[in-house]
Each structure stands twice: as C-alpha cells, then as structure tokens.
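1. quick one: sequence plus predicted model below, questions after.
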Amino acid sequence: MSNIDESENQEYLLLKAKNIITERTQSSYLPDEYIGAEKETETLCAILDDAIINKRSTVGLITGPKGSGKSSFFKHCLRKYNESDYLLVRLSGMIHFNDNHALKEIAKALGIQIPSGLNIFNTFEFIREKLGKETLESQINTSTKKIQLQTLPVVILIEELELMLTSSSTSKQGLFYNLLDLSHYKNVSLSFIATTSHLDIVDMFEKRIKSRFTQESIKIPPLSFDSIQIIFKNLISLPESFDDEEYRDTWNSHVVKSLKSTSVIENFKKYYRLYNRVNNYHLLVHEIIENLDYYDKENKWINSKIINDAFEYLYQDDIEIMLKSLPVLEFTILGCILNTKVGTNINDDYITFDELYYGEYKKLSYSFFKNADQAKKSSTIRILQHLLLLGIIKTQSRGSDSGDFPKFKIAIDPDSIINAAKNRNDLPTVIVKYVTEWLT
C-alpha cells in the first residue's frame, strides 16, 4: 500500500472511530451493560419477567433525579426480551395528562375500538366491559359478540408520573387509579411501569393507589467515581468488532494510558464533584473527539493533553453557556420568573404557575406586544420543564394541588441572567430592557 493510500486509510479509520463514539452519546444509544445499577437491574428484570414471560399483570416504580437515566434504564432492561413477545405503550405525564389521550393509546394496544362521543366515565366502562366485566345487558343478551382481545402481554410505561398526578386536567388521581384498575381483568395481561423524579411520590398517592404499590420502588443510585471512570472508558474505546484490529488496539492502548495520567484523574475528581450523571460526560466526549486530527501528530490519538484541554473548556461558566443558547421565548419566560418576585428575596420564595402565567408574563405580553396570549399554557409548561431539566429553576418536592406545575424558583444567580441579556445580540431590544432595566 502506497503512503497516500495508507494516509487515506488512516484518515478513514479515524473518521469511523469518531462516528462510533459520537453515536454513543445519542439518547437512543443503549450500552451492553448498565454499570452502577446491577442490583436494580435484577429487580426490574424480575418485574418484567412476571409481565412478559409469566403474563401476569404487575406494577413497578422507578425513581431518580432528572437526567439520572430512568428511561434508559428501563429500555436497557426491556432489551433482553423479544419484541414480538409483548406490546409496549409509552405514556408521558406531560403529554397524556388528558384522560382521553391515555385511554386511546391503551385501548389501541388492547385491540379495542372506542366509539366516538363517549365521556371519560363511559369510555372506562366500555373498556372494562370489553375486558370481561359483566353488565346487565351482557347477562340478558348472552349472544353479544365477543371481541378478540390482544393476547400479547401489554407493558405500559408512564414517564414523569408526577405530572399526571398533579395536572388539573384530571380529577386528582382518578386517571391513574382507573388505569391501574384495568390490570385486574384475568383475560388480559396489562402491566404498568412508572418513572418519576419525585423520590417521595408514594406519599402523594391516595390510599387506593398506594395499596397497589406494595413493593419498594426501584431507585436509580448515584454513580460512584469508579463507575463514572469505567463508563467513560467504555464510551471512548473502540469495540472488538472494529474493522481494523491493529488500529483498534492502538487506539484503546492510548485511551488506557491517558486515563491513568495523574492530571487526568485529578480533573475527573474535580468534575465528578460537580457532575455524577452520564450525560454530563457526553459533552466531554464531544470535545475530545472534536480535537482529534490525523494530520496533527500531537492530536492524532487520544492523549492526556486532549482530555485535560476538554476539561478546561468545560470548566468555563456552564450557566453562561446555557443562558446564551436559550431560545428567545424561554429567556423571556425566565425574565418573567425573576420579575414576579422583584422586591422580595427571589432565591427564597417559590412562585406558582398561575402567578407567572396570568401575572407577570401576561402583563409583559400585553405591555410590549399588545397581545395578552403570547404563548399557550401548554407551551409555557414545556418551557418550564426544559428550564427545570437544565437546572436553571427548581421545584418544591411536592406538586401543587391546584396548578398544572409545582411551585418553582430560580436556582441560579439572578445576576447571571441579567448579564446574559446584556451580552446577547439576538434578543429583542424590549426584552433586553425588560431584563436589564426592570430587574436592576
């Protein structure tokens, strides 16, 4: 092979290695092993064995902070089962807090056609009848045609359960109770697995719901430093199946050597004190991969300098980077949250969704845009969810009984929001003035 051909081949291998590692940082990627939660994996797999293999109706609850990997954990455990052996229905507390949405998804999975025009009560009764509940009509008319129900076990995943329980669109916790009640019919296997970031959510349950959750919830444990190091090593190493064995071994030997560097270990310890979730290390992976260059001898392979430089880059003000990248509408809502509590101690006081939406945000919309309905209520809730995920706001541990969203407050220094508004060139002038002048 000529030098030119060898050079092109090495460049191709580097590009392929980058693509493999980058794909591992995508939300759809599932590792072969869920490191740091081996005991929890056994517990959830036992529940899924009952649901899928034994075809028993069962319930399970997965708890953990936002971003801790609850959904990935569930998908990892579910992967061991043949997809043709079960049906999966995914519900979200954010999207399906409307009863009709949830019922239609479940009825579809069970093979039940719901007639149009039924109210919620009659819809539940219609489904129960199809599942085998006897009615006066069915007792009199024994020739009533029976439908062919879904024979495969149905597993229903409810993500962000706390939003379903606190939504004003439902009658308190009636929807969840009625959904659980459907699993009691013998001629169908209907299991529920729920995820939530509220560690004390069982205390929020009504007695009739709490009685269904007799087993202890599965808590996603915080990752240890050793687990983070193993996960990171696996993220940036090439698999056994890589095309070129020599290139793979050389790559992986550089990875091992780099991660043993004293300076890299110290940086890992420093970063771990701030972040102990896998997705925080995806940013580190992206920065490392971005700086690899076949034509640069010092950056041809992963080394301790590249890793340390990536750490140094990430040590820049993370909050500043997030605030710069927030969409204009989200930044506007953030300014409204701040201004809702101007004159009081912003960092100590939680506010309600209604105080924000019907108060400051409506006032701002009407004052500047002459429009009292600048964004829909559902859109504003989604914005708050995103701000919560980023850690810019935080909520009380319990949801509000009267609102769609728990009470919340700013979780960062208000001055950083004001400074970001001054330095952003994409914000409308009225928003910059609103944040920088009204709030100072």
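-> That came through fine. Residues are numbered from 1 along each chain as shown.

2. for this structure, which helix is longest?
-> Longest among the helix segments of the chain by residue count, using DSSP state H, is helix 3-23.

3. and the very next helix or strand once past that one, what does it pack onto?
-> The C-terminal neighbour of helix 3-23 among helices and strands, as given by DSSP states H and E, is helix 38-48. In terms of contacts (3 or more C-beta pairs under 8 Å, 6 or more residues apart in numbering; DSSP states H and E), helix 38-48 is packed against strand 59-63, helix 70-78, strand 190-196, strand 218-219. C-beta coordinates here come from the backbone N, C-alpha and C atoms, glycine included.

4. most packed of the ones you listed?
-> strand 190-196 (a mean of 25; mean count of other C-beta atoms under 10 Å).

5. next, the angle from it to helix 70-78.
-> 140 degrees (axes from the mean of the first three to the mean of the last three C-alpha atoms, to 10 degrees).

6. other SSEs contacting strand 190-196?
-> Against strand 190-196 (3+ C-beta pairs under 8 Å, 6+ apart) you get helix 38-48, strand 59-63, helix 70-78, strand 154-159, helix 161-166.

7. tell me which of these lies nearest to W251.
-> helix 70-78 (25.7 Å; C-beta to C-beta).

8. CA atoms only: put that closest one into PDB for me.
-> Extracted C-alpha coordinates of helix 70-78, given in PDB (Å, rounded to 0.1, in the frame of the first residue of the first chain):
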ATOM      1  CA  LYS A  70     -34.600   6.300  34.300                       C
ATOM      2  CA  SER A  71     -35.900   5.800  30.800                       C
ATOM      3  CA  SER A  72     -32.600   4.400  29.500                       C
ATOM      4  CA  PHE A  73     -32.500   2.100  32.500                       C
ATOM      5  CA  PHE A  74     -36.000   0.800  31.600                       C
ATOM      6  CA  LYS A  75     -35.100   0.400  27.900                       C
ATOM      7  CA  HIS A  76     -31.900  -1.400  28.800                       C
ATOM      8  CA  CYS A  77     -33.800  -4.000  30.900                       C
ATOM      9  CA  LEU A  78     -36.600  -4.400  28.300                       C
END
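
9. what element comes up after it heading to the C-terminus?
-> strand 87-92.

10. check which helices and strands that next one sits against.
-> Against strand 87-92 (3+ C-beta pairs under 8 Å, 6+ apart) you get helix 99-110, strand 154-159.

11. adjacent strands (with direction) for that strand?
-> Using DSSP bridges, the strands paired with strand 87-92 are strand 154-159 (parallel).

12. what comes into contact with the partner strand?
-> 48, 51-52, 70-71, 74, 78, 86-93, 96, 106, 109-110, 164, 176, 179, 188-195 (C-beta atoms under 8 Å, 6 or more residues apart in numbering).

13. between the helices and strands packed on strand 190-196, which gets nearest to V435?
-> helix 161-166 (28.4 Å).

14. where's L152 relative to P31, distance?
-> 27 Å (C-beta to C-beta, to the nearest Å).

15. neighbour count: the two, which is higher?
-> A direct count of neighbours by other C-beta atoms under 10 Å for L152 and P31 places L152 higher, at 17 against 13.

16. excluding its backbone neighbours, what's nearest that one?
-> L87 (5.2 Å; C-beta to C-beta, 6 or more residues apart in numbering).

17. element containing D349, please.
-> D349 belongs to no helix or strand, assigned by DSSP H and E.

18. please report how far it lies from L364.
-> 19 Å.

19. higher neighbour count, these two?
-> L364 (20 against 12).

20. any idea which element that one lies in?
-> Using DSSP H and E, L364 falls in helix 362-369.

21. okay, that helix in CSV with CA atoms only?
-> What follows is helix 362-369, C-alpha atoms only, in CSV (Å, rounded to 0.1, in the frame of the first residue of the first chain):
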residue,chain,number,x,y,z
LYS,A,362,-49.4,38.2,30.6
LYS,A,363,-48.5,41.7,31.7
LEU,A,364,-45.3,41.7,29.8
SER,A,365,-47.0,40.3,26.7
TYR,A,366,-49.7,42.9,26.7
SER,A,367,-47.4,45.8,27.6
PHE,A,368,-44.8,45.2,24.9
PHE,A,369,-46.6,43.1,22.3
